[in-house]
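Q: what's the 3D shape of this:
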Amino acid sequence: MEPSLSFLSLLIFLPTIGALLLVGFNKKAVEAMRFFTFGVTFLTFLLSVVLWNNFDASNAGIQPAADGISAEWIASWNIHYRLGYDGISLPLVMLTTFTTMLAALASWSINKLHKGYFILFLLLETGMLGVFLALDFFLFYVFWEVMLLPMYFLIGIWGGPRKEYAAIKFFLYTLAGSVLMLIAMLMFYYGSGGQFNLLELGRIAQGKSAGHSFDEFTQIVAFVLLFIGFAIKVPSFPFHTWLPDAHVEAPTPISMILAGVLLKMGGYGIIRIAFPLCPVGAHYAAYWLVAIGVISIIYGAFAALAQTDFKRLVAYSSVSHMGYVILGMAVWYVVPENGISVTANRDHWLMGMNGAMFQMIAHGVSSAGMFFMVGVIYDRVHHRDLNQFGGLAGKMPLYSGLAAGIFFAGLGLPGMCGFIGEVFVVLSAWSFSPLLAIIAASGVILTAGYILWTMQRVYLGSEYKGPHAEDITPINGREATVGFVLLGMAIFLGVYPAFIFNVMDGSMAQLVDSMEAGLQAAGVAINTAAQQASLLP
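A: Model (predicted):
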C-alpha cells in the first residue's frame, strides 16, 4: 500500500499535534510530559519505519507518485502543498525520527520550564521532517523557517551561560542564508513562468520543458546564493563560526539534534535544490567546492586539536567531518567531447555522491552519540575542561566503554559507520585531483589524533582532577539505553552499509545523469544563442 498525502502529513505533523496536546498538561506533571513527548517521537519513528518498508528501491524517482502528491495551497501563486520522497530524502527522514526519539529520551536532564521545552522540541521535529518531504520550493522554505524559531528558543532559554549570544548568532547566520535562498527562489519562479514545483524546475534546468530555460547567468548566480545559504547550515568553512557557540551553549538533547539532523539539512538542500536546478553553476563551482571541502576537513581537525572544552572539540569535529560531504558532492570532472560537455568520471562522481550521503547519515549517528556522551558527564561534574578530567574509566566503566565505541565511530574505525563514507569520498576525489585527495585523506590522521588524545585525557589516566568528584556515578539505565542504541547503529551501518546504499543508489544515479543532461542542454542553448547572434547584421 502506497503512503497517501494524509499519511505523509501525519508523519510531519504528529509532533505538532503532540505539542498542542502538551498545552493542556499541568506544568507540574513533569514526568508525564517527559513520557508523553518520548511516546510522540516514538510513534513518529514508527511511521517513518512504515514509510521505509513501503519504499520501492527499484524506482529511482519520487514516490509514491512521479510528481509527488499534492493539494492546492495558494492557487494565485501556483503554490502547492506537494510532498514526496526518494532514496535521497528517505534515509534523512529516518535519521530525523531516530535522532529525535533518542534526544527525547535524553531530555530527562532538562530541569526547568519543562512544558515550553517539550512543546518547542516537538515543533522542531515537524520543521525538520517537512524540509525533507517538501517538493514545492515555497513549502520547503516555510518548513526551513519553521525549524529556525524553536531552535532559537531552545538554545536561548535552556542553554548555558552565553546562551543568548549563541542563539542570536545562530539565528542571524541562518536567517542570512534564508534571505539568499529566497532571492534564488524568486529568480527561479519568475524565470520559469511561475513555478515552485522543484521537480518541474529540475526539468526546466535539464532542458526538458518546452518554452522555458534557465540561462547560464541565472544558474551561476542562483547556485552561488543557494550554496552559501546551505553551506551556512552544513556548516562549511568559512561560514562555520556560529556552530561552536551554538553547540557549546545548547543543552545536550538539542546538541544531538543540531549535529545529528540540522547540519544535514544544508547538505540535503545542496543535493535536492542547488545541484538539480543549477547544473551549470555546479559545474563551474566544482573545483572551488572541492577546495572548500578539503579546507573544512583540515581546518576543523586542527581547530579540534586546539580545544580544551570537551563540547567545543566535538563541535569542530563536525566541521571537519561535514567537509567530506562537500568534497564528495563536488568531484564532478567534465571534458568536451564532440562539441558537448561529458562527465569524464561519472562512476567516481556517483561514488562520491553516495559517499557524501552516507557520511551525512553516519555523522548523524556518531556526532549525536558524542554530544550525548559529553552531556552525560557534564550533568554530573558541571564542567567540560579536558585538562581537569582523567580516570573516568575506573569510576564509570560502562559509560567509558560506550563512549570509546562511539568516539571510534567518529574516528572512522573500519567496521564502524564513519569509515564507509570517508573512504568512498577520498577514493572518488582521486579521480578529480590526486593532490586534494591526499590532503583530505590526511584529515583521518588528524581526526585520530584529537579523538585518541581526548580519550586519553578524559577516560584514562590515574585520577580525576576536577570539581564534583563525589557526583561521578555510573550511568543509569536510560542513559545506557541511548548509548547502546547509538553504538549499535554505528556498528550496524559500518558492517552493513548496503542498508543505506541499496535505498539511495538509484536516486543518486538519476541525479548524476540529470545534472549531466542539464549541463549538455545548457551548452546547446548557449551555442544556439551564439550562432543566432552571429547571423545578426
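Q: Leu47 against Phe13, yeah?
A: No - the pair Leu47 / Phe13 is not scored as a contact, 10.8 Å apart, by Cβ atoms under 8 Å. For glycine as for every other residue, the C-beta is placed from the backbone atoms N, C-alpha and C.
Q: quick check: neighbours shared by the two?
A: Counting by Cβ atoms under 8 Å, 6 or more residues apart in numbering, Leu47 and Phe13 have no common neighbour.
Q: the residue most central in space within the chain is in what secondary structure piece?
A: Central residue of the chain (Cα atoms, centre = their mean): Lys264, 0.5 Å from the mean position. For Lys264, the host element (DSSP states H and E) is helix 263-269.
Q: how about Tyr464?
A: Counting by DSSP H and E, Tyr464 is part of no helix or strand.
Q: quick one, what contacts it?
A: By Cβ under 8 Å, 6+ apart, the contact set of Tyr464 is Gln388, Phe389, Gly390, Gly391, Leu392, Lys395, Ile472.
Q: please state the offset of the following helix or strand past the helix holding Lys264 from the chain centre?
A: Next helix or strand after helix 263-269 toward the C-terminus (DSSP H and E): helix 275-277. Distance, stretch centre to chain centre, for helix 275-277: 18 Å (Cα atoms, centre = their mean, to the nearest Å).
Q: between the contacts of Tyr464, which sits nearest Met329?
A: Phe389 (36.9 Å; Cβ to Cβ).
Q: just checking, the residue nearest to the centre of the chain touches Met94?
A: No - counting by Cβ under 8 Å, Lys264 sits too far from Met94 to count as a contact (11.5 Å).
Q: wait, is Val335 part of a helix?
A: No - using DSSP: H, G, I helix; E, B strand; the rest coil, the secondary structure at Val335 is strand, not a helix.
Q: contacts only, for it.
A: Ser341, Val342, Ala344.
Q: tell me how far it lies from Ser341.
A: 8 Å (Cβ to Cβ, to the nearest Å).
Q: buried sites along stretch 488-501?
A: Judged by neighbour count using 16 or more other Cβ atoms under 10 Å, the buried positions of stretch 488-501 are Met489, Ala490, Ile491, Leu493, Gly494, Pro497, Ile500, Phe501.
Q: quick check: the fourth one vs Phe499, distance?
A: Just to be clear, that refers to Leu493. Taking Cβ to Cβ as the measure, Leu493 falls 7 Å from Phe499.
Q: so where do the strands sit in the stretch 351-500 of the chain?
A: Taking DSSP state E, counting those that start in this stretch, the stretch 351-500 of the chain contains no strands at all.
Q: which residues touch Arg346?
A: By Cβ under 8 Å, 6+ apart, the residues touching Arg346 are Val512, Glu516.
Q: repeat for Gly369
A: The neighbours of Gly369, taking Cβ under 8 Å, 6+ apart as the test, are Ile406, Ala409, Gly410, Gly483, Leu486, Leu487, Ala490.
Q: show me which residues of stretch 419-431 are buried.
A: 419-431.
Q: pretty sure Ile183 is touching Ile228, no?
A: No - in this structure, Ile183 is not within contact of Ile228 by Cβ under 8 Å, at 10.7 Å.
Q: who has more neighbours out of the two?
A: A count of neighbours by other Cβ atoms under 10 Å puts Ile228 above the other of Ile183 and Ile228, at 17 against 14.
Q: and the contacts of stretch 386-402?
A: 307-310, 313, 373, 376-377, 454, 457-467, 472-475, 479-480, 483-484, 487.
Q: correction: the previous question concerned stretch 200-211.
A: 67, 137, 188, 192-193, 195, 212-214, 219, 276-279, 514, 517-518, 520-522, 524-525.
Q: what of stretch 484-496?
A: The contact list for stretch 484-496 (Cβ under 8 Å, 6+ apart) reads 98, 102, 358, 361-362, 365-366, 368-369, 372, 402, 405-406, 409, 413-420, 499-500.
Q: let's see which of the residues you listed end up in helices.
A: Applying DSSP state H to the contacts of stretch 484-496, the entries found in helices are 98, 102, 358, 361-362, 365-366, 368-369, 372, 402, 405-406, 409, 417-420, 499-500.
Q: are any of those residues buried, and which?
A: Neighbour counting with 16+ other Cβ under 10 Å marks 98, 102, 358, 361-362, 365-366, 368-369, 372, 402, 405-406, 409, 417-420, 500 as buried within these.
Q: now the helices for the stretch 401-537 of the chain?
A: Using DSSP state H, counting those that start in this stretch, the helices assigned to the stretch 401-537 of the chain run over residues 417-430, 434-458, 477-495, 498-535.
Q: most tightly packed of the ones you listed?
A: Greatest average neighbour count among the helices of the stretch 401-537 of the chain goes to helix 417-430 (a mean of 24), per mean count of other Cβ atoms under 10 Å.
Q: quick one: which of the contacts of Gly369 is nearest to Phe143?
A: Leu486 (26.1 Å).
Q: and the gap between Trp73 and Phe138?
A: Distance from Trp73 to Phe138, by Cβ to Cβ: 8 Å.
Q: shared neighbours of the two, which are they?
A: Ile79.
Q: so which of the two has more stuff around it?
A: The neighbour comparison of Trp73 against Phe138 (other Cβ under 10 Å) goes to Phe138, with 22 against 16.
Q: which other residues reach the host helix or strand of Ala32?
A: Counting by DSSP H and E, the element that carries Ala32 is helix 30-53. Applying Cβ under 8 Å, 6+ apart, the external contacts of helix 30-53 come out as 3, 7-8, 10-11, 14-15, 17-18, 21-22, 25, 85, 90, 93-94, 96-98, 100-101, 103-105, 107-108, 114-115, 118, 121-122, 125, 129, 503.
Q: which among the residues you listed end up buried?
A: In the contacts of helix 30-53, burial by neighbour count holds for 3, 7-8, 11, 14-15, 18, 22, 25, 85, 90, 93-94, 96-98, 100-101, 103-105, 107-108, 114-115, 118, 121-122, 125, 129, 503, counting by 16+ other Cβ under 10 Å.
Q: would you check that Met256 makes contact with Met101?
A: No - using Cβ under 8 Å as the test, Met256 is too far from Met101 to be in contact (10.7 Å).
Q: which residues are in contact with both of those two?
A: With Cβ under 8 Å, 6+ apart as the test, Met256 and Met101 reach no residue in common.
Q: wait, is His348 part of a strand?
A: No - applying three-state DSSP, one finds His348 to be helix, outside a strand.
Q: check it and give its pLDDT.
A: His348 carries a pLDDT value of 86.
Q: and for Gly191?
A: If you check Gly191, the pLDDT there is 83.
Q: show me the contacts for it.
A: His212, Phe214, Thr218.
Q: how much space separates the closest residue to Leu14 other than its chain neighbours from Ala448?
A: For Leu14, ignoring the flanking residues on the chain, the nearest one in space by Cβ to Cβ, 6 or more residues apart in numbering is Thr44 at 5.1 Å. Computed as Cβ to Cβ, the Thr44 to Ala448 distance reads 36 Å.
Q: how many other residues sit next to the nearest residue to Pro474 once chain neighbours are set aside?
A: Residue nearest to Pro474 in three dimensions, not counting chain neighbours: Met396, with 5.6 Å by Cβ to Cβ, 6+ apart. Met396 has 21 neighbours, counted by other Cβ under 10 Å.
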